[in-house]
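Student: Below are the sequence and a predicted model; questions follow.
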Amino acid sequence: MKANRIGKMVFPETMTRRDFVKYSSSAAVGLWSMANLSSCSFLKPSLVKEGYRACIHQNGILSVPGLKASQIFESSTINGIQFKNRIIRSGTVLGLGDKAGRPTPDSIAKHVALAQGGVGAIITEGIAVRHDGIHIGINPLWFDDDEDIADYQNLTAAVHEHNTSIIMQVFHAGRQTRSLVTGAPTIAPSAIRDGFYVEDMPKELTEIGIETVIENFVSAIERARKAQFDGVQLMAGHGYLLSEFLSPSMNRREDRWGGSTENRFRIIREIYTKARQRVGTFPILIKMNAYDFQNDGMRLDESIRIAGLLEEVGCDAIEISCGVMEDGFATIRIPELLTGPISEYSFRLRDKPFIIKEMMASMLPLVVTLHEPIYNYNVCAAGEIKKHVRIPVIVVGGIRDMEDIQRIIAFNMADYVAMSRPFLIEPDIVNSFKEGQQPASECVSCGMCMFCLDQMPVECHRDLL
């Protein structure tokens with residue numbers, strides 16, 4: 001079909017007035033849903049400038065001479081977990097599971113490459129505690145059957161051969177998945193539709209449903225220990241199920257699981273209490289949001305209180321992150337909105353008629369929020385939380401530069417740093433840092449690895465730009 005281009009939009013030469021109205025209406029509906037997914041509208045003030053970076057300048061972190069790298073590469077332990085250095089691979093989707101949710105030889109090879117590359121320790125991608133909690137990426141992992149323990153032992157044994165610890169991230173996606181992917185209704189603490197996964201209204205968990213979820217998490221922790229993982233990390237950030245319980249904007253319950261901070265924290269307290277009864281002192285870490293950009297969402301003062309509750313229940317370390325899917329590019333930040341790749345690869349747009357796709361892609365900059373800063377964006381929040389707890393604090397989010405890592409540790413903003421995207425392009429980056437071969441990651445934070453995650457294994461895909 002021949003076409004005319006008007007600005008960034010392409011229209012068929014033979015488009016009739018009726019066609020134009022039809023496509024415009026469809027695009028308008030699409031725009032409405034995309035406005036919801038970013039939790040913004042044309043009249044809503046932007047929240048991208050919240051002040052979580054001011055401490056970098058106040059503490060002089062950007063201008064301190066003579067910092068030494070030696071402490072970064074010293075070994076350490078967290079409740080028996082051995083860390084070769086202070087640089088951790090944060091949980092990162094790879095898209096390399098088999099049809100039963102087990103790690104494949106390709107998945108094992110990726111983890112071995114990280115271990116050989118000098119990483120301090122590895123946190124796996126989110127491994128779902130049951131099938132309805134898998135993420136939308138291609139080839140997800142889940143671990144809900146003892147019969148799969150041997151397959152996960154293959155993974156841990158391969159990593160341990162290189163004297164590297166591996167921690168299993170225990171995960172349920174909650175409402176941030178799709179019933180088309182899981183084959184089951186999505187679930188959440190409250191029946192509030194997610195602004196990104198708009199096609200599903202999540203089912204509000206009953207009392208029995210919540211107790212079942214707790215048992216699912218505890219059973220997954222038991223399996224992780226049997227599979228020889230060195231510890232587990234509860235995924236309670238980024239808007240997934242445990243994060244939804246913690247969030248005042250996502251948890252509107254009026255029973256013992258909602259309302260006050262302590263009530264919203266109750267599900268995590270129960271997981272820790274019951275897990276300790278069954279696995280003893282086996283290390284249980286957590287990943288949580290310090291803040292998000294939702295109206296009535298998580299804010300730093302409350303996350304500080306939650307960190308105190310975590311220390312109280314015996315959490316071994318806290319990884320600090322931020323954001324939920326509805327925030328736009330907050331958890332994973334990008335310098336510019338790549339409308340072409342998003343329209344080509346995102347499940348939201350790729351199957352739309354080409355005219356609707358073009359129109360919606362042109363409107364993306366109006367409805368999708370880009371957040372700043374791009375680098376080190378959780379460091380200040382982590383530093384504030386660290387002032388209030390004695391357990392180790394790990395920080396993730398836009399960390400790319402060896403000097404920044406030195407400053408973060410030297411100024412006690414965190415005990416460890418974690419990176420995700422840099423390890424996709426350079427699994428040996430820690431060795432390169434240690435040997436002085438490069439000062440910073442080659443990752444340009446374009447986001448292509450994320451845009452393609454439900455179609456192909458997650459790697460650095462900037463060659464597709």
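Tutor: Nice, I can see it. As the structure is a computational prediction, the values presented were derived from the model and not from experiment.

Student: I'd like the distance between residue 201 and residue 134.
Tutor: For residue 201, the distance to residue 134 (Cβ to Cβ, to the nearest Å) stands at 19 Å. C-betas here are computed from N, CA, C, even on glycine.

Student: Of these two, which one has the most company?
Tutor: A direct count of neighbours by other Cβ atoms under 10 Å for residue 201 and residue 134 places residue 134 higher, at 26 against 15.

Student: Excluding chain neighbours, what is closest to that one?
Tutor: Closest residue to residue 134 apart from its sequence neighbours, by Cβ to Cβ, 6 or more residues apart in numbering: residue 140 at 4.1 Å.

Student: In contact with that neighbour, which residues are there?
Tutor: Residues near residue 140 by Cβ atoms under 8 Å, 6 or more residues apart in numbering: 93, 95, 97, 101, 128, 134.

Student: can you pick the most crowded of these?
Tutor: That'd be residue 128 among those, by other Cβ under 10 Å, with 28 neighbours.

Student: The residue nearest to it when sequence neighbours are not counted: what's it in contact with?
Tutor: Using Cβ to Cβ, 6+ apart and skipping residues adjacent in sequence, the residue nearest residue 128 is residue 142, 3.8 Å away. Residue 142 makes contact with 97, 101, 127-131, 133-134, according to Cβ under 8 Å, 6+ apart.

Student: And the residues you listed, which is closest to residue 395?
Tutor: residue 127 (22.5 Å; Cβ to Cβ).

Student: before we move on, the earlier item: reformat the contacts of residue 142 as TSV; add secondary structure, pLDDT and distance to residue 164.
Tutor: Output for the contacts of residue 142, formatted as TSV (DSSP: H, G, I helix; E, B strand; the rest coil; pLDDT from 0 to 100; distance: Cβ to Cβ, whole Å):
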residue	secondary structure	pLDDT	distance to residue 164
97	strand	98	21
101	coil	97	23
127	strand	98	18
128	strand	98	24
129	coil	98	24
130	coil	98	28
131	helix	98	29
133	helix	98	27
134	coil	98	26
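
Student: a markdown table for the residues you listed, including distance to residue 230?
Tutor: Formatted as a markdown table, those follow (distance: Cβ to Cβ, whole Å):
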| residue | distance to residue 230 |
| --- | --- |
| 97 | 21 |
| 101 | 21 |
| 127 | 14 |
| 128 | 20 |
| 129 | 19 |
| 130 | 23 |
| 131 | 25 |
| 133 | 23 |
| 134 | 24 |
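
Student: Specify which member of those residues is nearest to residue 383.
Tutor: residue 127 (29.7 Å).

Student: Neighbours of the closest one, how many?
Tutor: Neighbour number of residue 127 under other Cβ under 10 Å is 28.

Student: Could you do residue 150 as well?
Tutor: 11.

Student: average pLDDT for whichever strand or helix holds it?
Tutor: Under the criterion of DSSP states H and E, residue 150 resides in helix 149-160. Averaged over helix 149-160, pLDDT sits at 98.

Student: I'd like to know which elements it is packed against.
Tutor: Where contact means 3 or more Cβ pairs under 8 Å, 6 or more residues apart in numbering; DSSP states H and E, helix 149-160 is packed against helix 105-116, strand 165-171, helix 207-226.

Student: And that helix, what's buried?
Tutor: 149, 151-152, 154-156, 158-159 (16 or more other Cβ atoms under 10 Å).

Student: contacting residues for residue 262?
Tutor: So residue 262 contacts residue 309 (Cβ under 8 Å, 6+ apart).

Student: same thing with residue 155?
Tutor: Residue 155 neighbours (Cβ under 8 Å, 6+ apart): 103, 107-108, 111, 166, 227.
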